[in-house]
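Engineer: pasting the structure only:
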């Protein structure tokens, strides 16, 4: 997290198309009015976006309070024996006139959601605290709403003003400027002149997938400042601090069997925990269907030629086409797809 004396906007790099969209939303929602929801993977900089939102608007000179889902915070005095509702009211009072950022909306208890809902609804009423409420959440917040972990009426208060912060791997155009700024920041903290970064070092950073997003980039920048005492950071320096990861191979470059395995791995992850039946037959059918479809297209629909090309008896081919529902006179009525069918369609 940035020190309060720093301007958050200096670290909101928006050279990529994805982040320019975020910057535009920040400007649109910085009026300090309706609640805002900031979603994204952990480490993408959701709180940084919230701070920029606060500093850009009319509440910028007022308090900026961040709290965990329990409403505990380093910004608030801890009182023994209080509960979440007590802490929520204390946080709202402390943030009056400014911004209250509630981290990880999904983890808010039902009573806390009700407390915040009342505060948002009544913020302009007499004897209430006028607070701009901003919440952060993971990208799968809708699943929490569907599961009724987050109440629908509470979520709807934020849904109209939602900012989706992209993962670092989806905004690589920002990577050079981001790495330069964080290296400059940590160099200044230890009283050093900022070292330059070679083009090959930048290339190494660009090749890394950044599973920890900007939070991981900050950690890498700090380690480079600690380890490299020269005036220039080289590719070898980056190699020493970056975790070793397997190179991601494009799907089209994989061998056929490896491509199938990669697809099936995603399928199994999606159907985990669901009742699934006849997976073996369904997978074979999904492999057969495109094969037969392509061969028939190649032979102009001639089943005799298609059977010969496939090494099948013509009657066997016709039975397979019928079983897969690929005959021209197939019934329009179809069995409702199960979870495994839907997962296979997405694989």
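Structural biologist: Looks like it arrived, so ask away. Everything quoted here is computed from the prediction, not taken from an experiment.
Engineer: which stretches of this protein form strands?
Structural biologist: 36-39, 64-67, 99-102, 132-137, 162-164, 196-197, 232-233 (DSSP state E).
Engineer: what about the fifth one, distance to the chain center?
Structural biologist: By that I understand strand 162-164. Distance of strand 162-164 from the chain centroid (C-alpha atoms, centre = their mean, to the nearest Å) equals 11 Å.
Engineer: given that strand, what are its sheet partners and their directions?
Structural biologist: Partners of strand 162-164 in the sheet, by DSSP bridges, are strand 36-39 (parallel).
Engineer: for residue 20, find the nearest of the strands of the chain.
Structural biologist: strand 162-164 (12.6 Å; C-beta to C-beta). Bear in mind the C-beta positions are built from the backbone N, C-alpha and C, glycine included.
Engineer: next, the contact list for residue 53, please.
Structural biologist: 26, 29, 30, 36, 38, 99, 134, 163 (C-beta atoms under 8 Å, 6 or more residues apart in numbering).
Engineer: surely the first one meets residue 56?
Structural biologist: To tie it back to what came earlier, the one meant is residue 26. Yes: taking contacts as C-beta atoms under 8 Å, residue 26 lies within contact range of residue 56: 6.2 Å.
Engineer: mind checking pLDDT for residue 341?
Structural biologist: At residue 341, the model reports a pLDDT of 50.
Engineer: swap in residue 26?
Structural biologist: Residue 26 is given a pLDDT of 95.
Engineer: ok, now residue 268?
Structural biologist: For residue 268, the pLDDT comes out at 69.
Engineer: how about residue 3?
Structural biologist: Confidence score, pLDDT, at residue 3: 46.
Engineer: tell me the buried residues in stretch 101-113?
Structural biologist: 101, 102, 103, 105, 106, 107, 108, 109, 112, 113 (16 or more other C-beta atoms under 10 Å).
Engineer: can you list contacts of it?
Structural biologist: Against stretch 101-113 from outside (C-beta under 8 Å, 6+ apart): 37, 47, 50, 64-69, 71, 84-85, 88, 116, 133-138, 141, 144, 149-151, 154-155, 158.
Engineer: mean confidence for that stretch?
Structural biologist: Stretch 101-113 comes out at a mean pLDDT of 92.
Engineer: picking up where we left off before, residue 26 and residue 56 - which one has more neighbours?
Structural biologist: residue 26 (23 against 19; other C-beta atoms under 10 Å).
Engineer: how near is the more buried one to residue 41?
Structural biologist: As judged by C-beta to C-beta, to the nearest Å, residue 26 and residue 41 stand 18 Å apart.
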